[in-house]
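Participant: Give me the fold of what follows.
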Amino acid sequence: HIRFELSENDDEPWEDRLLVGTLPPVPWDKSLQSKLGSGSKQAIHLLSEAGWLHRRIEEFIARIQGEANAGSVSRALAGAFSAELASYHDLLCQMELHVTSSKDATLRSLLIHSRQPVRRLYQLAMLADRLALLRGPFLLHSLQRSLAHGDHRHVELVQSLLMQAASPWWDMVFTWTTQG
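Facilitator: Just a heads-up that it's a prediction; the model follows:
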């Protein structure tokens, strides 16, 4: 984990006082600031955020798959999250194909097309953090309560995850009611 801190000297601007973990202070290159336009800064920020969110979701999936006592509901949810990441990877491949084959591709158009997938990654990471310690019916209940959200895109995502995560539970209830 990387931790960001500010050094003790308050006379310097915050960019000059930034420390990364236990490494020596990272100097802020003032010439770099003038060379990057706002679009480049947005692109760097968006790509960094997407990578960080992707890693959070992968860690959530790996944590569930690595647990020896993880139940079928948790494993089904991890599978649903994996499917979402696979669709994200497919989208990245399509965007790469568009960039390499089209002369019209610009950084701004890539930023526009990247916003919605990154927002979806954000929602997945938020749900992963919320559901990290829950198992079984408590996990399903928390997902069901997430349906009371005002954003229809969030509701559609949670419905999809809930249907996949609840499938083993419904199978168990069906088996119990029909076979005893």
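Participant: how about the helices in the chain?
Facilitator: 30-35, 38-66, 72-101, 107-131, 136-145, 152-179 (DSSP state H).
Participant: Quick one: the ones you listed as CSV, columns for mean pLDDT and mean neighbour count too.
Facilitator: In this view, the C-beta of every residue, glycine as well, is placed from N, C-alpha and C. CSV is the format used below for the helices of the chain (pLDDT from 0 to 100; neighbours: other C-beta atoms under 10 Å):
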stretch, mean pLDDT, mean neighbour count
helix 30-35, 57, 8
helix 38-66, 86, 14
helix 72-101, 91, 15
helix 107-131, 87, 16
helix 136-145, 90, 16
helix 152-179, 91, 14
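Participant: what's near enough to touch L110?
Facilitator: By C-beta atoms under 8 Å, 6 or more residues apart in numbering, the contact list for L110 reads A43, M95, V99.
Participant: out of these, which one sits closest to L131?
Facilitator: M95 (28.6 Å; C-beta to C-beta).
Participant: how close does the residue nearest to Q42 when sequence neighbours are not counted get to L91?
Facilitator: Once flanking residues are discounted, Q42 sits nearest to L111: 5.9 Å by C-beta to C-beta, 6 or more residues apart in numbering. Using C-beta to C-beta, to the nearest Å, L111 is found at 14 Å from L91.
Participant: ok, now R119?
Facilitator: Distance from R119 to L91, by C-beta to C-beta: 13 Å.
Participant: same check, this time on M172
Facilitator: For M172, the distance to L91 (C-beta to C-beta) stands at 34 Å.
Participant: and if you look at L139?
Facilitator: Taken as C-beta to C-beta, the span from L139 to L91 is 27 Å.
Participant: same question, V158
Facilitator: 20 Å.
Participant: ok, Q144 - contacts?
Facilitator: In this structure, Q144 makes contact with L162, judged by C-beta under 8 Å, 6+ apart.
Participant: just S160 next, same as before
Facilitator: For S160, the contact set (C-beta under 8 Å, 6+ apart) comprises A80.
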